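A.B. asks: just the structure for this:
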Amino acid sequence: MPASKDKENDMPMWKIYVPEGAYSTEQKKAFSDAITDVYVDFAGLPRFYVVVVFHDQPADSIWIGGEAANDFVRITIDHIARRMPESDDFRELAMSAFEDAIAPHVKDRGFRWEIHIDETPIQLWRTNGIKPPPGDSEAEREWARINAAVEWETV
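C.D. replies: Below is the predicted model of the structure:
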């Protein structure tokens, strides 16, 4: 997902609901690395901003239309650090980038899937009790460099 001119990109938490045992630890790492790389490579976010949580679901725990769906992966994404621009073209491009990143881990493995994004105002986010710095600021670049949240001074 290319960064927009005004740096309105996203801080994500991905929750991935999967059939129990569908992914080994190594496969989860590869899946989460593919997701993280989208945000780091295209949006310039610190790697630690990207959180991926796998929720293994026992057989017959996911139902679609009244039928057990033991081949289904559901992905919910919360964006917090910044919001996407109000542009249908940008949002379509972002969704395509996400679909490309997950395809080897979902589509190519024969799973059905669904994905959606919710966006939360940055004012309602803290990490380790610290208010995050503005996007594309020196403080955020420092967070990216050290891959951690540290106190910073507001101007």
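A.B. asks: any buried residues in the longest helix seen in the chain, and which?
C.D. replies: The longest helix of the chain (DSSP state H) is helix 25-43. By neighbour count on 16 or more other C-beta atoms under 10 Å, the buried set for helix 25-43 is 28, 31-32, 34-36, 38-40, 43. (C-beta placed from N, C-alpha, C; glycine too.)
A.B. asks: quick one: mean pLDDT for it?
C.D. replies: The average pLDDT within helix 25-43 is 95.
A.B. asks: so in that sheet, which strands flank the helix or strand that that helix is followed by, and in what orientation?
C.D. replies: The helix or strand immediately downstream of helix 25-43 is strand 51-57, counting by DSSP states H and E. Its sheet considered, strand 51-57 pairs with strand 12-19 (parallel) by DSSP bridges.
A.B. asks: who touches the partner strand?
C.D. replies: 31-32, 35, 39, 49-57, 59, 62, 70-80, 111 (C-beta atoms under 8 Å, 6 or more residues apart in numbering).
A.B. asks: of the residues you listed, select the buried ones using a PyMOL command.
C.D. replies: PyMOL command restricting the contacts of strand 12-19 to the buried ones, with burial defined by 16+ other C-beta under 10 Å:
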select buried, resi 31+32+35+39+49+50+52+54+57+62+70+72+73+74+75+76+77+78+79+80+111
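A.B. asks: and Ser4, what's its pLDDT?
C.D. replies: 35.
A.B. asks: the chain: strands as residue ranges?
C.D. replies: With DSSP state E as the criterion, the chain has strands at 12-19, 51-57, 63-64, 67-68, 72-79, 112-119.
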